[in-house]
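[1] pasting the sequence and the predicted model now:
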Amino acid sequence: MNEWLSGIKDEVTKQMLLGVIEKKEKWERLEKKVKTLKIVTFVGFVSFFSYIFWKIVVPNGTAASVIAAFLGRLEHLYMLLLLFTAYWGILFYQGKCDKAEEEFHALRCEIIQKSSDLWRDETEWNERHKWFQVLKEKYDINLFYENS
């Protein structure tokens, strides 16, 4: 996976770079999961409420008959429970996603701030931009600037 990291001699530097890659991948996985849940939940809510409107509200004119028709079938309540559980899942995974993003950016900034300690001698310092470029191209991780 990361055979290109074998050129880095310092084990701490190597572990920090591997850590930032792992945190970026975790963040991206969680973002994808949240996006998928949002789409599925939105489609579910639209479908369910369209069904409710056309099959229950339109045929039954009064509010009392609409409520009776809705509560008359247990499947409606199960569907509502399922949709609200999916909504809760969005909130849950969004929180995990935000935390993963914060951890990624914190480690990324730490690497940037400690660059002079991680690449101690002058030859390593002059070569570090190559490692940063590989991370930028391969993983979309910018270690050149903190504010990106």
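    Structure received. Numbers count the residues shown, from 1 in each chain.
[2] any idea which helix or strand comes after the longest helix belonging to the chain?
    Ordering each helix of the chain by length in residues (DSSP state H) puts helix 11-52 first. Counting by DSSP states H and E, the element after helix 11-52 in chain order, helix or strand, is helix 63-71.
[3] what's the nearest residue to the one residue sitting closest to the centre of the chain if we skip its chain neighbours?
    For the chain, the residue nearest the mean C-alpha position is residue 31 (2.0 Å; C-alpha atoms, centre = their mean). Counting by C-beta to C-beta, 6 or more residues apart in numbering, residue 31 lies nearest to residue 97, which is 5.6 Å off, once chain neighbours are set aside. From N, CA and C alone the C-beta is placed, and that goes for glycine too.
[4] packing partners for whichever strand or helix holds that neighbour?
    Counting by DSSP H and E, the element that carries residue 97 is helix 74-113. Using 3 or more C-beta pairs under 8 Å, 6 or more residues apart in numbering; DSSP states H and E, the elements in contact with helix 74-113 are helix 11-52.
[5] angle of the helix it packs on against helix 63-71?
    130 degrees (axes from the mean of the first three to the mean of the last three C-alpha atoms, to 10 degrees).
[6] helix 11-52: how far from the chain's middle?
    3 Å (C-alpha atoms, centre = their mean, to the nearest Å).
[7] that one - what's its average pLDDT?
    If you average the pLDDT over helix 11-52, you get 96.
[8] please apply the same query to stretch 96-111.
    The model assigns stretch 96-111 a mean pLDDT of 96.
[9] pull out the buried positions in it.
    97, 100-101, 103-105, 107-108, 111 (16 or more other C-beta atoms under 10 Å).
[10] could you find the closest non-adjacent residue to residue 116?
    Nearest to residue 116 is residue 125, by C-beta to C-beta, 6+ apart, at 7.5 Å.
[11] any idea how far residue 13 is from that neighbour?
    12 Å (C-beta to C-beta, to the nearest Å).
[12] quick check: neighbours shared by these two?
    residue 119 (C-beta atoms under 8 Å, 6 or more residues apart in numbering).
[13] quick revisit: my read is that the residue nearest to the centre of the chain contacts residue 94, right?
    No - counting by C-beta atoms under 8 Å, residue 31 does not reach residue 94; the two are 9.4 Å apart.
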